[in-house]
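Asker: Pasted the sequence and its predicted model underneath.
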Amino acid sequence: MSAKTAGDASGPDLLAPRHERALRTVVRAIVAANPDDRDDETRVLEVMSALLGKAKRRGPRSAAYNDLLEWIAFDYSVETQWKQRMDVSVTSIVRNVVEHHHLTRTKAQRESIIRNLERTFSAHKDELVSLYSYDGAEGFEEFYDPIVRALRALSESGVPVDLTVIPPMAVNGENSAK
């Protein structure tokens with residue numbers, strides 16, 4: 001499995017190396033807690049580019065796009081690995097996830113997003129499923145606990161952070177960083 005590099009438009013941000021995904025989560029929390037008139041995701045890309053010295057990708061994807069891809073990978077893994085179904089339609093999983101998300105306002109937007117997500121997921125299916133399946137290789141707590149601890153330390157130091165960018169289970173769960 002190959003990891004993409006930051007700024008690489010050929011794959012979703014979810015396939016970036018672990019350290020870049022962790023740093024991006026921390027940056028998202030700080031940016032979300034300090035809003036201005038610019039789009040949060042554009043600001044995150046600017047910070048990541050400045051910190052890592054890599055050119056930022058053209059045309060920012062929303063954080064919701066990454067969330068949708070993660071949910072699609074999870075749902076797909078449940079159907080194919082846990083339920084052992086061989087007749088799984090990626091399109092129906094994508095459609096179900098998109099229609100239950102606040103990302104789109106019109107049917108035309110939904111259809112465009114469904115096609116885009118289906119193409120992206122299909123192109124990176126093996127990598128996404130291995131990382132985000134119901135029994136994915138990387139532990140949920142293993143990834144989020146250090147991030148939650150870092151954000152809480154920043155908060156205690158007076159840096160405004162928004163923990164809502166972290167899944168609630170990671171922040172409030174019994175295994176979350178105290």
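Answerer: It's in. Numbering: from 1, shown residues only.

Asker: Nearest to the spatial middle of the protein, which residue is it?
Answerer: By Cα atoms, centre = their mean, the chain has its centre lying nearest to residue 66, at 3.7 Å.

Asker: Next, give phi and psi for it.
Answerer: Main-chain dihedrals, residue 66, degrees, to the nearest 10: phi -70, psi -40.

Asker: tell me, how many neighbours does residue 79 end up with?
Answerer: 19 (other Cβ atoms under 10 Å). C-betas here are computed from N, CA, C, even on glycine.

Asker: oh sorry, the question was meant for residue 114
Answerer: A total of 19 residues lie near residue 114 under the criterion other Cβ under 10 Å.

Asker: Just the pLDDT at it, thanks.
Answerer: The score at residue 114 is 90. That number is its pLDDT.

Asker: Same check on residue 60?
Answerer: The score at residue 60 is 44. That number is its pLDDT.

Asker: can you check residue 167 too?
Answerer: With respect to pLDDT, residue 167 has a value of 69.

Asker: How about residue 160?
Answerer: 95.

Asker: pretty sure it is in contact with residue 32, am I right?
Answerer: No. When contacts are counted by Cβ atoms under 8 Å, residue 160 is not listed as touching residue 32 (9.2 Å).

Asker: Helices of this protein, start to end?
Answerer: With DSSP state H as the criterion, the chain has helices at 18-33, 40-52, 63-77, 90-99, 107-123, 125-132, 140-156, 168-172.

Asker: wouldn't the residue nearest to the centre of the chain be in contact with residue 16 here?
Answerer: No. At 9.9 Å, residue 66 and residue 16 do not qualify as touching, with contact defined as Cβ under 8 Å.

Asker: which sections of this structure are below the confidence cut-off?
Answerer: 1-11, 55-63, 101-105, 134-140, 167-169, 173-178 (pLDDT under 70).

Asker: Domain map for it?
Answerer: 1-61+139-178, 63-132 (automatic domain parsing).

Asker: residues contacting residue 34?
Answerer: For residue 34, the contacting residues are residue 160, by Cβ atoms under 8 Å, 6 or more residues apart in numbering.

Asker: any chance of the helices of the chain in TSV, plus distance to residue 12?
Answerer: What follows is the helices of the chain, written out as TSV (distance: least, Cβ to Cβ, whole Å):
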stretch	distance to residue 12
helix 18-33	11
helix 40-52	13
helix 63-77	5
helix 90-99	13
helix 107-123	6
helix 125-132	7
helix 140-156	16
helix 168-172	20
